[in-house]
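Peer 1: Give me a model of this one.
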Amino acid sequence: MKVTIINCGSSSIKYAMFDMSTRDLLGSGLLERIGTKESRVRHRRRNDHGTYDEILMHEPVADHAEGFEFILTVAAKMRILENPNELFGIGHRVVHGGEVYRGPVLIDQEVIARIRELIPLAPLHNPANIKGIEIAIGRLPDVPQVAVFDTSFHAQMPPTAFHYALPYKLYEEHHIRRYGFHGNSHHYVAKRAAALLGKPLESLNLITLHLGNGASAAAILRGKSVDTSMGMTPLEGLVMGTRSGDLDPAIHFYLLSETGMSIEEVESMLNSESGLKGICGSNDMREIGKLADEGNPRAKLAMDMYCYRIKKQIGAYFAVLGRVDAIVFTGGIGENSKMIREGTCEGLSGLGISMDAKKNDRVAGDELEIQDDRSAVKIMVIPTNEELEIADHAVETIKAERDRSD
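Peer 2: Numbering: from 1, shown residues only. Below you'll find the model as predicted:
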């Protein structure tokens, strides 16, 4: 049972293919720089030894349609998918489902139209997601295709958490509210934490931290997301690679009136030139850590701000949840930066959070508990697998539709 996952960006296509009968990743890749002469694809293929061979290919790719054909050609050459019609289904990552979609959905023309209506809520993401859907359906019209939304896991947040203190008609007429993102990642690591702890997810209270170039936290009460740090867009919340996170809203007005910046320039700055990059000039945590070790004060400030904001979020979610069984670190930074994990947990012993430095040093892409014997709260590092989470949703959705049809 082969399932392909498509994550389409404005100039890229990220993809993965699973054998869902064994849950093995057969291959994955990233086609980037679409529309330029420097287009390239980095592709990994599972070999007979259970490890992965990697190839890097450079070839001009004019547009996403040509890119999709290129990916199918590579998959055939690598003997991962010799006949596309053998696919059980395709799962598409879609960033914003608004209040329309609270779970995965089998895609038809009505679904595409509704996702298009949500573009104002995610103008940087949903158009590219739609493009990937339309190309895949046009090329493989007989393969069932499922939209899986980043916002779905947070859809059951209570009104006290998702409303903003704005005139209520703005919610009623323009759907202004907190939606939250990274839902597939938060849900995946929450389920893995439950499995590793040997307890039902419905019995656990968790704080999950997806820390990468984009970063978000989620408060999970008895298996359900009840609050999350990102808001109507992914700009709200924690300090991120290039995004500012939380700001005094009046800063926007001040910048417009005092600097001569346009609305578009302010928006671009907050999304692309702020966060870690704005403080120290880099959004690569590996580089920032190296600069901080060398005594660069702004790199040190950037790391301290990053950890401080996460620490505040942990404290807030303790108040929301009342009891916390585990804190879970995931995402590129959460999984790989021992300095960020240490800086985040430092000084939280009053909340029952105490890290074992030696265990923290040993983390190397593994699922691992890193608390010490004094810690009342488990501290876990769990590599995320958003693609597998999307594949699971795709299979469940297609099977449920077939059961209804029988």
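Peer 1: what are the phi and psi values for the residue positioned nearest the centre of the chain?
Peer 2: Among the residues of the chain, H182 comes closest to the average C-alpha position under C-alpha atoms, centre = their mean, at 3.5 Å. With angles defined as degrees, to the nearest 10, H182 sits at phi 60, psi 20.
Peer 1: Just the pLDDT at it, thanks.
Peer 2: The model reports H182 with a pLDDT of 96.
Peer 1: Please name the residues that touch it.
Peer 2: By C-beta atoms under 8 Å, 6 or more residues apart in numbering, the contact set of H182 is D150, H210, G214, S216, A218, T228, M230, G331. For every residue, glycine as well, the C-beta is placed using N, CA and C.
Peer 1: can you redo those as TSV with secondary structure, pLDDT and distance to E59?
Peer 2: Listed next are the contacts of H182 as TSV, based on DSSP: H, G, I helix; E, B strand; the rest coil; pLDDT from 0 to 100; distance: C-beta to C-beta, whole Å:
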residue	secondary structure	pLDDT	distance to E59
D150	coil	96	30
H210	strand	98	33
G214	coil	94	29
S216	strand	98	35
A218	strand	98	39
T228	strand	98	39
M230	coil	97	36
G331	helix	96	31
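Peer 1: Only whichever of those residues are buried, select them in PyMOL.
Peer 2: Selection command for PyMOL covering only the buried members of these, criterion 16 or more other C-beta atoms under 10 Å:
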select buried, resi 150+210+214+216+218+228+230+331
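Peer 1: for the contacts of H182, which one is nearest P200?
Peer 2: When those are ranked by distance to P200 (C-beta to C-beta), A218 comes first, at 18.3 Å.
Peer 1: ok, S274 - contacts?
Peer 2: The neighbours of S274, taking C-beta under 8 Å, 6+ apart as the test, are T242, R243, S244.
Peer 1: ok, 10 Å please
Peer 2: Residues near S274 by C-beta atoms under 10 Å, 6 or more residues apart in numbering: L235, V239, M240, G241, T242, R243, S244, G245, L247, S268, N283.
Peer 1: How many residues are close by the fifth one?
Peer 2: The local packing count at T242 equals 17, with neighbours defined by other C-beta atoms under 10 Å.
Peer 1: now the last one
Peer 2: Residue crowding around N283 was assessed by other C-beta under 10 Å; the count is 21.
Peer 1: Would you confirm that it contacts N271?
Peer 2: No - using C-beta atoms under 10 Å, N283 is not in contact with N271; the gap is 11.8 Å.
Peer 1: what sits in contact with each of these two?
Peer 2: Counting by C-beta under 10 Å, 6+ apart, the residues touching both N283 and N271 are M240, T242, R243.
Peer 1: Now intersect those residues with the strands, please.
Peer 2: Per DSSP state E, strands hold no members of the shared contacts of N283 and N271.
Peer 1: Now render those as a markdown table, adding pLDDT and distance to G29.
Peer 2: Shown next, in a markdown table, are the shared contacts of N283 and N271 (pLDDT from 0 to 100; distance: C-beta to C-beta, whole Å):
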| residue | pLDDT | distance to G29 |
| --- | --- | --- |
| M240 | 97 | 25 |
| T242 | 95 | 24 |
| R243 | 95 | 26 |
